[in-house]
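In: Fold the following.
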Amino acid sequence: MADYHISDIYQGGYSSLNPNYGPLFTGYRAPIESIGTATSPFTINILKEVADKIAPGQKNIEVSLGIFPDRAPIEAVPKQYLKEVNRLSKLTGVDISVHGPLTDASGVSRQGFNEQTREIAERKIMQAVEKGHELNPDGNIPVTFHSANELPGAVYRKIEEEGKKKEVKEMMYLINQESGQMVPVRRDIKYQPIPRGEKTGEILPVEKGVEYTVEKQLSAINTTEWDNALQQLIIPKEHADRIIQEVSPIIDQIMQKQERGLPMTEVERQAWSRFSNAHEQLRDIETHLSSLFGRGYEYGDERTKKYFKEIAEKFREDVLVKHPKAGIMIENQNPVIFSAAMQKLMENLRIDSLHGRHLQAPQVYKPAEEYALEMSKKTFGNVAWESYKKYGSKSPIINIENPPAGFGLSRAKDLADLAEGSRKKFVENAVRKGMSESEAKRWAEKLIGVTWDVGHINQLRQFGFSSEDIIKEAEKVGHLVKHVHLSDNFGMENVELPMGMGNVDLKKVMEALKKKGTDVDKIKKIAETGHWWQHMQTSPVGLTMEALGSPMLQC
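Out: The predicted structure follows:
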């Protein structure tokens, strides 16, 4: 009997303490208290939605407040529902977060941009923050907003060149900063009789062509726009100069007659009329030239602004004279002198003069996303500050989310720049009102962050990006992430499957976020599976628990 041995009879199972979680398991384990799900974005009945989703025993629920304004507007949610959800969450110990309306914080849309649209967006975002506070007046409730909605994004693609893969920008939208209108530009190959390599200058075969990047086309558009505007002034000025030159021999004689009150001959009257018209034309050209100068100064970079100041000073020296009696500086009324000064100013504004000083043409056209980024920083920074003024230490946390890849401001760098720029705007507002800079920075970092949607960024795959590329995206934004949205897909469409049903590499994404400073175990991870609810009519809660390796499945 001494050699008798009983082997382990129970080999473990699906729900043991060290389980094999089945085919949905993503490899990433999350504590159950950090996992939640979102209410349907297609209804305003948030009270019923929250009650239904509490039933499976969830600890976190994200309330969708007017995500689709045309189907379930935020204004249609009764204030009593907000209070009842707050009571229900207290009773059950459930944490509530909010997803706000899909809107463009920048005021940019496919129709263009205007400041009034941005201000309306700012008020809508603030409204969602206020309603979020009503859902949880006692804490810093997370409220998520997309970085953009209608704003079209640049199209990137991974291509292979000389045995290496590189990222190229295939297309992007430009915005005319004066009109607010947008135009697309695309990467192109142009064929020329003598094409030359851009870097080496060597002559290439005709069939190879010359690559025109979107950045090169942006530069060409601004150069052409500036050159055309200047040319429109040069031609009429040459015409006016020619008339003044033709009649100038008798103008002094005519002016002497006028001083003595003597009548003019018919030839003199015609000459004086031509001279007066030409003089008025020069004045009109000066008005347009001043406007063009102002546009160039406004849309130039710092080096260009400095150059414009220098040539403005030279122009003032050429046209201003001291009034003999008043002693103040006035414009020289001699049209010949005035025209010569304008000619010199025009020459200094020409493209070849700018390029000769290594200056760009004024950037009237700008990448739409770059422009939207600056406007969105203003909006989110303002909202966060207004929220702080109203609620103080109980202010909601504003999290900016990456929309599906392909939309504007959907890349990690965009989100990082937007969050950090919004914090800077908050600090500017706070310091202006008397808060110390260190205190303002502390609150800005607490109240503004990022929601990282793992399904949205996975859609980069449709443009040829790999899983490794998508992990790198998470690394770029990890230090700012305060909230995570979970949905799975196959990289092509935003189908919002439960995790483990597509090809999102959740484990590596979460490891990348953790590596860059995000406490991924503690932050809320909300399953956004609206499409699954809509089409399958079954709860994704148990599936999400299984995919994230929670110790107990709850159905």
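In: going forward, measure contacts between C-alpha atoms and count neighbours the same way
Out: Noted.
In: Buried residues, stretch 107-126. List them.
Out: By neighbour count on 16 or more other C-alpha atoms under 10 Å, the buried set for stretch 107-126 is 107-109, 112-114, 117-118, 120-122, 124-126.
In: and the two most separated of these?
Out: Distance extremes for the buried residues of stretch 107-126: the farthest pair is 112 and 126 at 22.6 Å, using C-alpha to C-alpha.
In: Can you pick out the ones from the buried residues of stretch 107-126 that are in helices?
Out: The helices, defined by DSSP state H, take in 117-118, 120-122, 124-126 from the buried residues of stretch 107-126.
In: With pLDDT and distance to residue 435 as new columns, can the buried residues of stretch 107-126 be given to me in TSV?
Out: Listed next are the buried residues of stretch 107-126 as TSV, based on pLDDT from 0 to 100; distance: C-alpha to C-alpha, whole Å:
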residue	pLDDT	distance to residue 435
107	92	29
108	84	32
109	72	35
112	78	36
113	86	33
114	85	31
117	92	30
118	94	26
120	94	27
121	95	27
122	97	23
124	95	26
125	97	24
126	97	22
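In: Quick check, central residue of this protein?
Out: Closest residue to the average C-alpha location of the chain: residue 373 at 2.9 Å, with C-alpha atoms, centre = their mean.
In: where's that residue relative to residue 398, distance?
Out: 16 Å (C-alpha to C-alpha, to the nearest Å).
In: Same question for residue 47.
Out: Applying C-alpha to C-alpha to residue 47 and residue 398 gives a distance of 23 Å.
In: The two: which has the busier surroundings?
Out: residue 398 (30 against 20; other C-alpha atoms under 10 Å).
In: Show me the beta-bridge partners of the more buried one.
Out: residue 143, residue 448 (DSSP bridges).
In: What separation is there between it and residue 451?
Out: The value you get for residue 398 to residue 451, if C-alpha to C-alpha is used, is 9 Å.
In: Now for those two: what residues contact both?
Out: Residues touching both residue 398 and residue 451 (C-alpha atoms under 8 Å, 6 or more residues apart in numbering): residue 144.
In: hang on, the residue nearest to the centre of the chain packs against residue 408?
Out: No - applying C-alpha atoms under 8 Å as the test, residue 373 and residue 408 come out as separate, 9.3 Å apart.
In: mind listing what the residue nearest to residue 393 when sequence neighbours are not counted touches?
Out: Spatial nearest neighbour of residue 393, excluding adjacent residues (C-alpha to C-alpha, 6 or more residues apart in numbering): residue 140 at 7.8 Å. Listed by C-alpha under 8 Å, 6+ apart, the contact set of residue 140 reads 133, 393-397.
In: Got the domain ranges for this structure?
Out: Domain assignment of the chain by automatic domain parsing yields the ranges 32-149+367-547, 155-217, 230-363.
In: helix/strand/coil for residue 156?
Out: strand (DSSP: H, G, I helix; E, B strand; the rest coil).
In: In three-state terms, label residue 33 for me.
Out: Classified using three-state DSSP, residue 33 is helix.
In: Next, count neighbours for the nearest residue to it once chain neighbours are set aside.
Out: Excluding the flanking residues, the one nearest residue 33 by C-alpha to C-alpha, 6+ apart is residue 59, at 5.6 Å. Here the count is done by other C-alpha under 10 Å, and residue 59 has 20 residues near it.
In: try residue 425
Out: That count, for residue 425 with other C-alpha under 10 Å as the rule, works out to 22.
In: which intervals of the stretch 451-555 of the chain have sub-threshold pLDDT?
Out: Scanning the stretch 451-555 of the chain with the threshold set as pLDDT under 70 gives 551-555.
In: quick one: the helices in it?
Out: Applying DSSP state H, counting those that start in this stretch to the stretch 451-555 of the chain gives helices spanning 454-458, 467-477, 506-515, 530-536, 541-547.
In: Columns mean neighbour count and distance to residue 349 on top of those helices, output as a markdown table?
Out: Shown next, in a markdown table, are the helices of the stretch 451-555 of the chain (neighbours: other C-alpha atoms under 10 Å; distance: least, C-alpha to C-alpha, whole Å):
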| stretch | mean neighbour count | distance to residue 349 |
| --- | --- | --- |
| helix 454-458 | 28 | 44 |
| helix 467-477 | 19 | 41 |
| helix 506-515 | 20 | 49 |
| helix 530-536 | 14 | 56 |
| helix 541-547 | 23 | 63 |
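In: May I see those arranged in TSV, with distance to residue 28 as well?
Out: TSV is the format used below for those (distance: least, C-alpha to C-alpha, whole Å):
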stretch	distance to residue 28
helix 454-458	13
helix 467-477	14
helix 506-515	5
helix 530-536	21
helix 541-547	8
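In: now for these, which one comes closest to residue 82?
Out: Once the helices of the stretch 451-555 of the chain are compared by C-alpha to C-alpha, helix 530-536 is nearest, at 21.1 Å.
In: Residues touching that closest one, excluding its own?
Out: 38-41, 495-498, 538-540.
In: Among those residues, which one sits closest to residue 473?
Out: Nearest to residue 473, judged by C-alpha to C-alpha, of these is residue 496 at 19.8 Å.
In: Residue 63 contacts residue 94, doesn't it?
Out: No - under the criterion of C-alpha under 8 Å, residue 63 is not in contact with residue 94, lying 11.9 Å apart.
In: Compare the two and say which is more crowded by neighbours.
Out: More neighbours sit around residue 63 than around the other of residue 63 and residue 94, counting by other C-alpha under 10 Å; the figures are 27 against 19.
In: did I read that right, the more buried one in a strand?
Out: Yes - under three-state DSSP, residue 63 sits within a strand.
In: contact partners of the host helix or strand of residue 347?
Out: Residue 347 belongs to helix 335-349 when assigned by DSSP states H and E. Under the contact criterion C-alpha under 8 Å, 6+ apart, helix 335-349 has outside partners 230, 234, 241, 244, 279, 282, 286, 311-312, 315, 318-319, 332, 353-354.
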